[in-house]
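Trainee: sequence plus the predicted model coming up.
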Amino acid sequence: MRLPGDRAFETIAAAAEAGITVFDTARAYEGNESLLATALRRCGAETTARIVTKGGMTRPDGAWVPDGRAKSIVADCESSLEALGGLPIDLYLLHAPDPRTTWRTSLRALTRLVDESLVKRVGVCNVNRTQLDEALDHAPIAAVQVALSVFDDRALRGGVLERCEDAGIALMAHSPLGGVRRAASLRRREALTELASARDSTPAEIALAWLLALSPSVVAIPGARHRDTARSSARAASLQLGTDELSALAAVLGGARAEPSAPASGDEVVVVMGIPGAGKSRVADDFVARGYARLNRDERGGSLRDIANALDDELRAGAGPVVLDNTYLTRAARNHVIEIGRRHGRPARCVWLDTPLAQAQVNMVERLLDRFGSLPSPEELKAVARREPGLHTPTTQMRTVRELEPPSEDEGWDSVERVPFVREEGSGVPGVFVAAAAVERYTPDDPAAPHLIFDWRPDDADADPGRPPAVTGSVEVAVCPHGGGPPVCWCRPPLPGLPLAFARTHGVDPARSTVVGCRPAHRTLAEALGSRYVDV
């Protein structure tokens, strides 16, 4: 609703006149809350309007950065109340989860807003099913706002809509026409234009009517920018599509709840999932050796939807058992495979490699050492991550952990097998990895063992950390010179790059080795390597 001057007032007045009572805004849309309050008073709708606003989002240099700290959420709410000039907030939403703040901390802050009567109700935005489940357990959630449209059905496939229905709360669909840049392309969708012509309406109205027909829990919040679009959105709310019309649209747009066409029997479809570096390829190779056909995006290219279409083709042609080993982190991403398996009457099984991030990081470094022979520079890493599937930067791998939704049988799986991580026994001699900050206080137990002195020195990479006294074996110094912030390399402790590169060069087995340190990061490194830790 970020509109200038008179056009904003005219649009809000037209919406109120057409019977729209819910007005959605946000603290992050600078000046919008006060503009909305002024417009509602001007058109006499301030007593009937239900104001929805959002907090917990900052805009440094125009970026969108979530801030889920309790003090920030409360401060944003108080600022919103001031901007609205006395108009009550019917529903206050957290704009997005903040990966830097625990989810429960943010949820407790929302609960406080209700307890202190600052707002009537609270909800969350831009969440997945797992985050929604936790929110419902820890806060009085009354509504959820997520993207849902003919262009984006992740909330449907990911189980968010289903959970809202179960909990009896509203799903507010933002960008219900796909957003400003995609809304115009609705006219190019033949199914929409044909039905719009038959109904004397517009493709946008048909798209909104389809969305509302998905469930009584769905509330669409199109961002009207003109009087005519506000009136059109109101008309769509009263447009009732028939069963045949909805079936025809579902065949093209999706939105139908998949049911098996036959009892699941015969050859299975297996999805091997896990974060990058979890070991999916190795497990998939075992299935291939047993006669399974493999569908892998790294080999075929394209998107996960393309892989799902290839699965559909394989099953339609009568293929035997199939294994897919792509990074299916979310319920929405996995839903296409489950739906296609059910359509063909095939059992769908999930094999979840529950590999901790630290162990997946070790695996990723080993892959890079295989590929380069040494640790790549940040520039090399960035380039190879773009062109070679399976090789990732640390931040990419960390981001996938935040996105991960553990699989559950209620998604539609016939079974879910969780495979805990077990590292295979290595070979090599014991070594010692000594943090530079601990060198002066270190007394060697095994002076003849190969020693690595490791450090992170972004400002003075050439400084000499010193040599441990009484060490008779080889001593090597390895320093990460790269700056702070999100890691752009694999060599910054506690990432395991420096010890693993040293271990490979000197025939050292990290699991038989010792990490000597004096900080929590050093202990974290030892745990990732499987090494003994000595705190000095």
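Mentor: On my side now, so go ahead.
Trainee: so what's Leu452 up against?
Mentor: Leu452 is in contact with 431-434, 475-478, 498-499, 502, counting by C-beta atoms under 8 Å, 6 or more residues apart in numbering. C-beta: built from backbone N, CA, C; applies to glycine.
Trainee: neighbour-wise, which of these leads?
Mentor: Sorting the contacts of Leu452 by how many neighbours each has (other C-beta atoms under 10 Å) puts Phe433 first, at 30 neighbours.
Trainee: what is that one paired to in the beta sheet?
Mentor: In this entry, Phe433 is beta-bridged to Leu452, Val515, by DSSP bridges.
Trainee: pretty sure it contacts Arg532?
Mentor: No - counting by C-beta atoms under 8 Å, Phe433 does not reach Arg532; the two are 10.4 Å apart.
Trainee: neighbouring contacts of stretch 400-408?
Mentor: 99, 128-130, 158, 273, 275-276, 327, 329-331, 334, 350, 352, 354, 357, 413, 416.
Trainee: SS state for the spatially closest residue to Arg42 that is not a sequence neighbour?
Mentor: Residue nearest to Arg42 in three dimensions, not counting chain neighbours: Phe9, with 6.1 Å by C-beta to C-beta, 6 or more residues apart in numbering. Taken by DSSP: H, G, I helix; E, B strand; the rest coil, the conformation at Phe9 corresponds to helix.
Trainee: Phe9 and Glu388, how far apart?
Mentor: As judged by C-beta to C-beta, to the nearest Å, Phe9 and Glu388 stand 54 Å apart.
Trainee: those two - which one has more neighbours?
Mentor: Phe9 (17 against 12).
Trainee: correct me if wrong: that one contacts Ala45.
Mentor: No - using C-beta under 8 Å as the test, Phe9 is too far from Ala45 to be in contact (11.5 Å).
Trainee: longest helix in this structure, please.
Mentor: helix 357-372 (DSSP state H).
Trainee: and that helix, what's buried?
Mentor: 357-365, 367-369 (16 or more other C-beta atoms under 10 Å).
Trainee: give me the number of residues near Glu30?
Mentor: A count of nearby residues for Glu30, using other C-beta under 10 Å, gives 11.
Trainee: swap in Ala348?
Mentor: Count around Ala348 with other C-beta under 10 Å applied: 23.
Trainee: isn't it right up against Gly412?
Mentor: Yes - with contacts counted by C-beta under 8 Å, Ala348 reaches Gly412, the gap being 6.9 Å.
Trainee: just give me the residue closest to the centre of the protein.
Mentor: Computing the C-alpha centroid of the chain and ranking residues by C-alpha atoms, centre = their mean puts Glu403 first, at 3.2 Å.
Trainee: wait, what's in contact with the closest residue to Asp464 other than its chain neighbours?
Mentor: Distances taken as C-beta to C-beta, 6+ apart put Val477 closest to Asp464, at 7.8 Å, once the chain neighbours are dropped. Applying C-beta under 8 Å, 6+ apart, we find Val477 in contact with 452-455, 464-465.
Trainee: now Val477: phi and psi?
Mentor: Backbone torsions of Val477, given as degrees, to the nearest 10, read phi -110, psi 130.
Trainee: name whatever forms a beta bridge with it.
Mentor: Ile453.
Trainee: can you check the pLDDT for it?
Mentor: pLDDT for Val477: 94.
Trainee: state the helix or strand in which Gln131 lies.
Mentor: helix 129-138 (DSSP states H and E).
Trainee: in TSV: the contacts of Leu452, plus distance to Asp286.
Mentor: Shown next, in TSV, are these (distance: C-beta to C-beta, whole Å):
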residue	distance to Asp286
Gly431	32
Val432	36
Phe433	33
Val434	39
Val475	42
Glu476	37
Val477	41
Ala478	36
Leu498	32
Pro499	29
Phe502	32
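Trainee: related to what we said a few turns ago, need the residues touching each of Ala348 and Gly412.
Mentor: 338, 342.
Trainee: and this structure, what are its domains?
Mentor: Following automatic domain parsing, the chain resolves into domains at 5-180+211-241, 269-420, 432-535.
Trainee: right, and those - which one's nearest Arg199?
Mentor: Closest to Arg199 of these is domain 5-180+211-241 (C-beta to C-beta; 7.0 Å).
Trainee: for the closest one, what is the distance to the chain centroid?
Mentor: 20 Å (C-alpha atoms, centre = their mean, to the nearest Å).
Trainee: please save the CA atoms from the lowest-mean-pLDDT helix or strand in the chain in CSV.
Mentor: Least confident helix or strand, the chain: helix 227-237 with a mean of 75, by mean pLDDT, DSSP states H and E. C-alpha atoms of helix 227-237 as CSV (Å, rounded to 0.1, in the frame of the first residue of the first chain):
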residue,chain,number,x,y,z
ARG,A,227,-9.6,2.7,-7.2
ASP,A,228,-10.5,0.3,-9.9
THR,A,229,-8.2,-2.5,-8.7
ALA,A,230,-9.6,-2.1,-5.1
ARG,A,231,-13.2,-2.5,-6.5
SER,A,232,-12.1,-5.5,-8.6
SER,A,233,-10.7,-7.2,-5.6
ALA,A,234,-13.9,-6.8,-3.7
ARG,A,235,-15.9,-8.2,-6.7
ALA,A,236,-13.6,-11.3,-6.7
ALA,A,237,-14.6,-12.1,-3.1
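Trainee: what pLDDT does Trp103 get?
Mentor: pLDDT, Trp103: 97.
Trainee: distance of it from Arg42?
Mentor: From Trp103 to Arg42 the distance is 39 Å (C-beta to C-beta).
Trainee: with Trp413 instead?
Mentor: From Trp413 across to Arg42, the span is 54 Å (C-beta to C-beta).
Trainee: now the helices for the stretch 251-400 of the chain?
Mentor: For the stretch 251-400 of the chain, helices defined by DSSP state H, counting those that start in this stretch occupy the ranges 280-289, 297-300, 304-316, 331-343, 357-372, 378-387, 394-403.
Trainee: what about the longest one, distance to the chain center?
Mentor: So the one you mean is helix 357-372. Distance of helix 357-372 from the chain centroid (C-alpha atoms, centre = their mean) equals 22 Å.
Trainee: cool, and the last one?
Mentor: Centroid displacement of helix 394-403 relative to its chain, using C-alpha atoms, centre = their mean, is 9 Å.
Trainee: and it, what's its mean pLDDT?
Mentor: Per-residue scores along helix 394-403 average to 92.
Trainee: with only the CA atoms kept, save it in CSV.
Mentor: Output in CSV follows, covering the C-alpha atoms of helix 394-403 (Å, rounded to 0.1, in the frame of the first residue of the first chain):
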residue,chain,number,x,y,z
PRO,A,394,29.9,-22.2,4.0
THR,A,395,27.1,-19.6,4.1
THR,A,396,25.1,-21.6,1.5
GLN,A,397,25.4,-24.8,3.6
MET,A,398,24.4,-22.9,6.8
ARG,A,399,21.4,-21.4,5.1
THR,A,400,20.1,-24.8,4.1
VAL,A,401,20.1,-25.9,7.8
ARG,A,402,17.9,-22.9,8.6
GLU,A,403,15.5,-23.9,5.8
